[in-house]
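[1] missing the sequence, but the structure's below:
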């Protein structure tokens, strides 16, 4: 039975997260309905990262086994006409039978976007966390560097009743940088003294795996550092404390993007 | 009685345009309700440009006379807490009694934003017109240059029953240029061959006044040129024909932004 890999992007604003729920509009629910409409068969779709309500994806990965005889290269355009404009299938490829969207990834990359300005940018309000006080990005990066590598990230995990597994993860990359905003705002900011072309701060994080709410708690804690309320040394102490209570708040879901999921290049490593 | 000038920005997505309408959510309706809540008096708000349903504004200007004793410098923050997140008061200033938002402008600037890509950018779909075939921006600019200056723009006006005034207008500036997209899409486009960092095309147009749907018909016509379906010479012929039927389609409202309204610098020119 062919195994298909779907590369997906979605705007999380109007979805109640990934996972299918009775009476709710979810990404899985909308996608499975489109696949059922296409193939006439009820699919069972696996996913790399079950995003929460409001979280966006640029490069989510799903996989499914199907008895459909529709060739993989026809799926993308066939699904496109069956999906709403906030859920896009970027690619569909046939993969080896042992490819599993959930268990095969070697790492994932998330982005957390902060609009750091005294001026509103309402056109991007669904896609960034608004933080008004000017943040010290260099201090945030210095604090972020303390989180690099392999650690027990229990302090950065929401207390989740059924968590029985290890909270040790490896962060391969963690960058904090200023970036510009969208083209529809050109000519807007330049009329006020409060704003500039680098109003957004992106936190990019790649790790072998993520605990529940880990990126959002890291972002909330780094914003505390950016405000001067915590120091890079504090972040190291938070890490060592292994206690959710000592870390910063969980930042809002709508600033979070699943950017990319990395799988082994060689099939025999799947 | 003090006369106040309000500088406004709004996301037109969820408004049925500017003008107040029974049972509809309009910018004027929401703004006047907030002002009434603040002052206890029913205001009569004048506006520079009555935007249609779905059209956005970065620098709309409204004015009102008020008996309120609240000083002008308190209005902005007082209105901010009374307005929804898709309507922002950027500035409130006291202006001379003869300042009139509708009749005092010397020119206005609009932007029309086109997402010109084979790749979806769903995060900006509310704020741009999606045109998939690659457009020739140089040809569009060459055609745009034919529209500069003072002409009868009847061909670029929707047939509007009560139009009794002249359709002669002066376009001071008309620029067509490629531009980048928002920061949330970084890392998305680079994984496909079809897209690039300059996926958006902006049409910026400043004139002493605009006919009904003029920017959207100009945009629709320039896109025809960008596709190679019309030439710059054709655009000159359309202008001379003074016939709406020969121009291009009216492009969608959600790509249009009122960017700025210009008033005389000297009060005695109001």
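    Structure received. Being a predicted model, the structure only gives us computed values, none of them experimental. Residues are numbered from 1 along each chain as shown, chains lettered A, B, ... in the order given.
[2] Any stretches of the stretch 151-270 of chain A with poor pLDDT?
    For the stretch 151-270 of chain A, residues meeting the criterion pLDDT under 70 lie at A:160-164, A:180-197.
[3] how does it look with 90?
    Under the criterion pLDDT under 90, the flagged ranges of the stretch 151-270 of chain A are A:159-166, A:178-200, A:265-270.
[4] for it, what spans make up the strands?
    Along the stretch 151-270 of chain A, the segments classed as strands by DSSP state E, counting those that start in this stretch run A:168-179, A:200-207, A:256-262.
[5] closest to residue A:5 out of those strands?
    If you check each of the strands of the stretch 151-270 of chain A against residue A:5 by Cβ to Cβ, strand A:256-262 wins as the nearest, at 10.1 Å. Every C-beta, even on glycine, is put in place using the N, C-alpha and C of the backbone.
[6] ok, and does the closest one reach over to chain B?
    Yes - if you take Cβ under 8 Å from any Cβ of the partner chain as the test, strand A:256-262 does meet chain B, through A:257, A:259-260.
[7] Closest to chain B out of those residues?
    residue A:259 (5.3 Å; Cβ to the nearest Cβ).
[8] What separation do you get for that closest one and residue A:205?
    The gap separating residue A:259 from residue A:205 is 9 Å, by Cβ to Cβ, to the nearest Å.
[9] Give the residues shared as contacts by these two.
    Contact criterion Cβ atoms under 8 Å, 6 or more residues apart in numbering or on different chains; residues shared by residue A:259 and residue A:205: A:109-111.
[10] re earlier: in terms of neighbours, single out the busier of residue A:259 and residue A:205.
    Neighbour comparison, residue A:259 and residue A:205: the larger count goes to residue A:205, with 25 against 22 (by other Cβ atoms under 10 Å in any protein chain shown).
[11] what is the mean pLDDT for stretch A:112-121?
    For stretch A:112-121, the mean per-residue pLDDT is 85.
[12] Any buried residues in it, and which?
    Residues of stretch A:112-121 classed as buried: A:112-117, A:119-121 (neighbour count, 16 or more other Cβ atoms under 10 Å in any protein chain shown).
[13] Now do the same contact list for residue A:137.
    By Cβ under 8 Å, 6+ apart, the residues touching residue A:137 are A:176-178, A:201, A:226.
[14] can those go into TSV with extra columns for distance to chain B and neighbour count?
    Converted to TSV, these look like this (distance: Cβ to the nearest Cβ, whole Å; neighbours: other Cβ atoms under 10 Å in any protein chain shown):
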residue	distance to chain B	neighbour count
A:176	13	25
A:177	10	14
A:178	10	16
A:201	9	26
A:226	17	24
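[15] tell me which of those is nearest to residue A:23?
    Proximity of those to residue A:23 (Cβ to Cβ) peaks at residue A:201, which lies at 36.8 Å.
[16] just checking, the closest one touches residue A:114?
    Yes - shown here, residue A:201 and residue A:114 form a contact pair, counting by Cβ atoms under 8 Å, at 4.3 Å.
[17] Show me the common contact partners of those two, please.
    By Cβ under 8 Å, 6+ apart, the residues touching both residue A:201 and residue A:114 are residue A:135.
[18] hang on, the earlier thing: any chance of the strands of the stretch 151-270 of chain A in JSON lines, plus distance to residue A:70?
    As requested, the strands of the stretch 151-270 of chain A are exported to JSON lines (distance: least, Cβ to Cβ, whole Å):
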{"stretch": "strand A:168-179", "distance to residue A:70": "37"}
{"stretch": "strand A:200-207", "distance to residue A:70": "34"}
{"stretch": "strand A:256-262", "distance to residue A:70": "24"}
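[19] so which of those gets nearest residue B:103?
    Using Cβ to Cβ, these put strand A:200-207 closest to residue B:103, at 38.6 Å.
[20] Residue B:216 is nearest to which of the strands of the stretch 151-270 of chain A?
    With Cβ to Cβ, the closest approach to residue B:216 among those belongs to strand A:200-207: 29.6 Å.
[21] Packing partners of that closest one?
    Counting contacts by 3 or more Cβ pairs under 8 Å, 6 or more residues apart in numbering or on different chains; DSSP states H and E, strand A:200-207 packs against strand A:107-116, helix A:137-145, strand A:168-179, helix A:214-227.
[22] Take these and write them to JSON lines, including distance to residue A:131.
    What follows is the helices and strands packed on strand A:200-207, written out as JSON lines (distance: least, Cβ to Cβ, whole Å):
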{"stretch": "strand A:107-116", "distance to residue A:131": "5"}
{"stretch": "helix A:137-145", "distance to residue A:131": "11"}
{"stretch": "strand A:168-179", "distance to residue A:131": "13"}
{"stretch": "helix A:214-227", "distance to residue A:131": "6"}
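[23] Looking at these, spot the one closest to residue B:100.
    The closest of the helices and strands packed on strand A:200-207 to residue B:100 is strand A:107-116. By Cβ to Cβ, the value is 34.8 Å.
[24] Mind giving me the packing neighbours of the closest one?
    Strand A:107-116 packs on strand A:129-131, strand A:200-207, helix A:214-227, strand A:256-262, going by 3+ Cβ pairs under 8 Å, 6+ apart.
[25] Can you spell out which residues form a bridge with the residue nearest the centre of chain A?
    What sits nearest the mean C-alpha location of chain A, by Cα atoms, centre = their mean, is residue A:258, with 2.5 Å. When assigned by DSSP bridges, residue A:258 has beta-bridge partners residue A:57, residue A:110.
[26] Pretty sure residue A:60 is one of the things it touches, is it not?
    Yes - taking contact to mean Cβ under 8 Å, the distance of 5.4 Å between residue A:258 and residue A:60 places them in contact.
[27] what is in contact with these two at once?
    With contacts defined as Cβ under 8 Å, 6+ apart, the residues shared by residue A:258 and residue A:60 are A:48-49, A:51.
[28] So which of the residues you listed is surrounded by the most neighbours?
    Tallying neighbours with other Cβ under 10 Å puts residue A:48 at the head of the shared contacts of residue A:258 and residue A:60, with 27 neighbours.
[29] what kind of secondary structure is residue A:9 in?
    Using DSSP: H, G, I helix; E, B strand; the rest coil as the criterion, the local structure at residue A:9 reads strand.
[30] give the contact list for the closest residue to it other than its chain neighbours.
    Beyond its immediate neighbours in the sequence, the residue positioned closest to residue A:9 (Cβ to Cβ, 6 or more residues apart in numbering or on different chains) is residue A:88, lying 4.6 Å away. Applying Cβ under 8 Å, 6+ apart, one finds that residue A:88 lies in contact with A:8-10, A:80, B:120, B:122.
[31] Out of those, which end up buried?
    Listed as buried from those are A:8-10, B:120, B:122; burial here means 16+ other Cβ under 10 Å.
[32] Closest one to residue B:220 out of those, please.
    Each of the buried ones among the contacts of residue A:88 was scored against residue B:220 by Cβ to Cβ, and residue B:120 proved nearest at 21.2 Å.
[33] could you measure the closest one against residue B:199, distance?
    Noted for residue B:120: a distance of 11 Å to residue B:199, by Cβ to Cβ.
[34] quick one on the thing from earlier: check for me that the residue nearest to residue A:9 belongs to a helix.
    No - following the definition three-state DSSP, residue A:88 is strand and is not counted among the residues of a helix.
[35] Next up, the contacts around residue A:113.
    Taking Cβ under 8 Å, 6+ apart as the contact definition, residue A:113 lies against A:127-129, A:200-203, A:255, A:257, B:183-184.
[36] Residue numbers of the stretch 1-150 of chain A in contact with chain B?
    Residues of the stretch 1-150 of chain A found near chain B (Cβ under 8 Å from any Cβ) are A:9-11, A:56, A:58-59, A:85-86, A:88, A:90, A:109, A:111, A:113, A:119-120, A:122-128.
[37] again, 6 Å this time
    Along the stretch 1-150 of chain A, the residues adjacent to chain B under the rule Cβ under 6 Å from any Cβ of the partner chain are A:11, A:58, A:85-86, A:88, A:113, A:120, A:122-123, A:125, A:127.
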